[in-house]
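A.B. asks: how does the following fold in three dimensions:
(2 chains)
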There are 2 protein chains.
Amino acid sequence: MVAVDESEESMYALSWSITNLISDTNNNSKLMLLYVKPPSAVYSLDSAGYIFSNEAIEALEEYSAKLAKSVMKRAEAICRNFDATNINIEKVVGTGEAKNVICNAAKKLEADTLVMGSHGYGFFKRALLGSVSDYCVKNAKCPVVIVKQP
Amino acid sequence: MVAVDESEESMYALSWSITNLISDTNNNSKLMLLYVKPPSAVYSLDSAGYIFSNEAIEALEEYSAKLAKSVMKRAEAICRNFDATNINIEKVVGTGEAKNVICNAAKKLEADTLVMGSHGYGFFKRALLGSVSDYCVKNAKCPVVIVKQP
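C.D. replies: Coordinates of the predicted model:
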């Protein structure tokens, strides 16, 4: 399972996974791409504490759905670049707090290995909420690979 | 590069590496086993602050050298179990603060990937000094795999 987001680093983590974890000889390799959309609640207050209008919330949710699609498209393009015909790709989109969604998905979908970039999900959010990758290293039950972009 | 220590978990991390990171088709796979001996300075004071005699220090250093040998032997036995004739095994023994030695070794020896258990190097030391694996995830330049024993 590779957690992908808008970052270059997560795309690099995906490439790393295909190169290093998916063997040429195993024809049943399954690659799960996981993208996490932020919870809707995040949008219901803006930074000054004003409640957004329903229209604004809808617009933001539409934006978030589009973002999910575009990240998944990029990820699939990377998989195609590797000419990886032996990989079964499965796309999973979750909603909620990234760190919780990722750990839960890895557990529920029985991921053998969880791969992610080290700096995803934005600098400010990380400073406020702590690093998503730190949390996953501590809480995921499976081996976790943290990939940094060189 | 796999950081091995006295723990079962690090041996499991080694098995994981052979199974998942070393491909059958690549005949030039190089596996570096890294063991870190504690710095001598750790032994020069006991918990009550008394300075150990030279004899005691020598005895402890001998013990530490024996421990390094026995860990390496176990690690090599695991590699043999996998019938991994295509792997070149290289043993590296470092001395010092584990987290620094591991990150420096990974950099100097140009490890492609660093693999380690999540709970090595003892509960009390970890509580005092922080987790070695946390530090390596943050500071190593290469991808880091943190393996938990199931």
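A.B. asks: where does chain A come near chain B, residue by residue?
C.D. replies: Contact residues, chain A versus chain B (CB under 8 Å from any CB of the partner chain): A:13, A:16, A:20-21, A:23-25, A:112-113, A:118, A:133-134, A:137-138, A:140-148, A:150. Where C-beta positions appear, they are placed from N, C-alpha and C, glycine not excepted.
A.B. asks: give me that answer again for 10 Å
C.D. replies: A:12-13, A:16-17, A:19-26, A:112-115, A:117-118, A:131, A:133-134, A:136-138, A:140-148, A:150 (CB under 10 Å from any CB of the partner chain).
A.B. asks: list only buried entries from these.
C.D. replies: Neighbour counting by 16 or more other CB atoms under 10 Å in any protein chain shown classes A:12-13, A:16-17, A:20-23, A:113-115, A:117-118, A:131, A:133-134, A:136-138, A:140, A:142-148 among the residues of chain A next to chain B as buried.
A.B. asks: and these, which of them are in strands?
C.D. replies: If you go by DSSP state E, these have A:114-115, A:117, A:144-147 in strands.
A.B. asks: can I get the residues you listed in a markdown table including pLDDT?
C.D. replies: Below are those laid out as a markdown table (pLDDT from 0 to 100):
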| residue | pLDDT |
| --- | --- |
| A:Leu114 | 97 |
| A:Val115 | 97 |
| A:Gly117 | 92 |
| A:Val144 | 96 |
| A:Val145 | 96 |
| A:Ile146 | 94 |
| A:Val147 | 94 |
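A.B. asks: go through these and name the one nearest B:Val101.
C.D. replies: Nearest to B:Val101, judged by CB to CB, of those is A:Ile146 at 19.4 Å.
A.B. asks: hang on, that closest one packs against A:Ala13?
C.D. replies: Yes - contact criterion CB atoms under 10 Å: A:Ile146 and A:Ala13 qualify, at 8.3 Å.
A.B. asks: what ranges do the helices span in chain A?
C.D. replies: A:8-20, A:54-81, A:98-108, A:123-129, A:132-139 (DSSP state H).
A.B. asks: dump those helices to CSV, plus mean pLDDT.
C.D. replies: Below are the helices of chain A laid out as CSV (pLDDT from 0 to 100):
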stretch, mean pLDDT
helix A:8-20, 93
helix A:54-81, 87
helix A:98-108, 95
helix A:123-129, 57
helix A:132-139, 90
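A.B. asks: in CSV: those helices, plus distance to B:Glu55.
C.D. replies: Below are the helices of chain A laid out as CSV (distance: least, CB to CB, whole Å):
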stretch, distance to B:Glu55
helix A:8-20, 49
helix A:54-81, 61
helix A:98-108, 50
helix A:123-129, 51
helix A:132-139, 42
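A.B. asks: to B:Met32, which of the ones you listed lies closest?
C.D. replies: Nearest to B:Met32 among those is helix A:8-20; the distance by CB to CB comes to 15.7 Å.
A.B. asks: quick check: angle from the closest one to helix A:54-81?
C.D. replies: 30 degrees (axes from the mean of the first three to the mean of the last three CA atoms, to 10 degrees).
A.B. asks: and helix A:8-20, how far from the chain's centre?
C.D. replies: 12 Å (CA atoms, centre = their mean, to the nearest Å).
A.B. asks: and it, what does it pack onto?
C.D. replies: strand A:2-4, strand A:29-37, helix A:54-81, strand A:114-117, strand A:144-147 (3 or more CB pairs under 10 Å, 6 or more residues apart in numbering or on different chains; DSSP states H and E).
A.B. asks: B:Asn86 is nearest to which of the ones you listed?
C.D. replies: Here strand A:29-37 is closest among these (CB to CB), at 20.2 Å.
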